[in-house]
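> using only what follows, build the 3D model:
(one chain, ligands or ions: 1)
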Amino acid sequence: MTDIPQPEQVLDPDALEQVLAGPGDRFRHDYLEVRGLRVEFDGFVAVDGVDLTVTQGDLRFLIGPNGAGKTTIVDAITGLARASGSVRFGGVELLGKASHRVARAGVGRTFQTASVFDELSVLQNLDIAAGSRRKARTLLRRRSAVPEVVEQALETVGLTALRDAPAGVLAHGQKQWLEIGMLLVQDSRLLLLDEPVAGMSHAEREQTGLLLQRIGAQRTVVVVEHDMEFLRSFASSVTVLHQGRVLSEGTVAQVQADPRVVEVYLGSGRKER
Ligand SMILES: Nc1ncnc2c1ncn2[C@@H]1O[C@H](COP(=O)(O)OP(=O)(O)OP(=O)(O)O)[C@@H](O)[C@H]1O
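Residues are numbered from 1 along each chain as shown. Model (predicted):
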């Protein structure tokens, strides 16, 4: 007689959850909810009661004139600027947390200037971001076995062929992609990207847009950007800020047709970047 497994032997709850959860399911209930966000610098109110809801699968662009408060919002979300109000992601309150704890809650950001280690290889940069516990000596040695998460990130950002190249030799766009890859291996489920296509060629911008769409299909992505052509091609929704407040929000077509947006941001006198 064959030994028939008992139900409790078959239904290991952890294994079952893994089987039931498709690859994208892990992100499905993620959303960013900002309420009444306020940031003050020595009496100057840079962010003045901002509400923002961004759901997983949305590719949200934050735009507005210089000084509108876009970067300060990202700083507040990531624990780099003291703020009041509320910022929740995945049900976790982020305000008041130190930036490393915000990162641990699944929130990653890039800066206007890419911050990769130029003398280390693409792979080593990703390894460090993955928080590998291997000793520095082993970390710096070329290896044959690459963790799957790193392999996947290389593939996603299109840098597989350059994995052993020093990051310093990468083109400007490739460095930005490496930084995005570093957020992926850190398992950031919310990505906040500050002017990711600034200084990129047209071809690099196109590739970056497609990359963000791929990532944005699963994760929650907020892009701070001035490049209107890029926005028109890739944004699924837009929030327009002006003097620390939300001026308008909607699809690209809706905000472009909003007379207040035309007046303060898209007006004929404004030179598009
Ligand atoms: N650390 C700081 N101390 C004092 N004021 C600051 C500080 N950081 C930002 N500000 C001010 O807050 C306002 C918002 O700045 P912020 O950088 O968020 O604007 P932005 O919309 O990102 O602009 P840009 O498009 O030029 O990057 C600006 O008036 C800026 O001078």
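> and this structure, which residues reach the ligand?
On the criterion C-beta under 6 Å from any ligand atom, the ligand has as its neighbours in the chain the residues Phe41, Phe44, Ala46, Gly64, Asn66, Gly67, Ala68, Gly69, Lys70, Thr71, Thr72. (Glycine included, C-beta is placed from N, CA and C.)
> from these, which is closest to Val197?
If you rank the residues of the chain next to the ligand by distance to Val197 using C-beta to C-beta, Lys70 comes first, at 14.7 Å.
> right, and that closest one touches Ala76 too?
No. Look at Lys70 against Ala76 with C-beta atoms under 8 Å: they stay out of range, at 11.0 Å.
> tell me where the stretch 151-273 of the chain has helices.
In the stretch 151-273 of the chain, the segments counted as helices under DSSP state H, counting those that start in this stretch are 172-185, 202-216, 228-234, 252-256, 259-261.
> need the contact list for Thr78.
Going by C-beta atoms under 8 Å, 6 or more residues apart in numbering, Thr78 touches Leu94, Ser99, Val102, Ala103, Val107, Arg109, Leu192.
> again, only using 10 Å
Listed by C-beta atoms under 10 Å, 6 or more residues apart in numbering, the contact set of Thr78 reads Val87, Leu94, Lys97, Ser99, Val102, Ala103, Val107, Gly108, Arg109, Leu190, Leu192.
> so which of those sit within helices?
If you go by DSSP state H, the contacts of Thr78 have Ser99, Val102, Ala103 in helices.
> point out the most buried one among the helices of the stretch 151-273 of the chain.
Most buried of the helices of the stretch 151-273 of the chain, by mean neighbour count (mean count of other C-beta atoms under 10 Å): helix 172-185, with a mean of 23.
> what packs against that helix?
If you count contacts as 3 or more C-beta pairs under 10 Å, 6 or more residues apart in numbering; DSSP states H and E, helix 172-185 packs onto strand 107-110, helix 122-129, helix 148-156, strand 190-194, helix 202-216.
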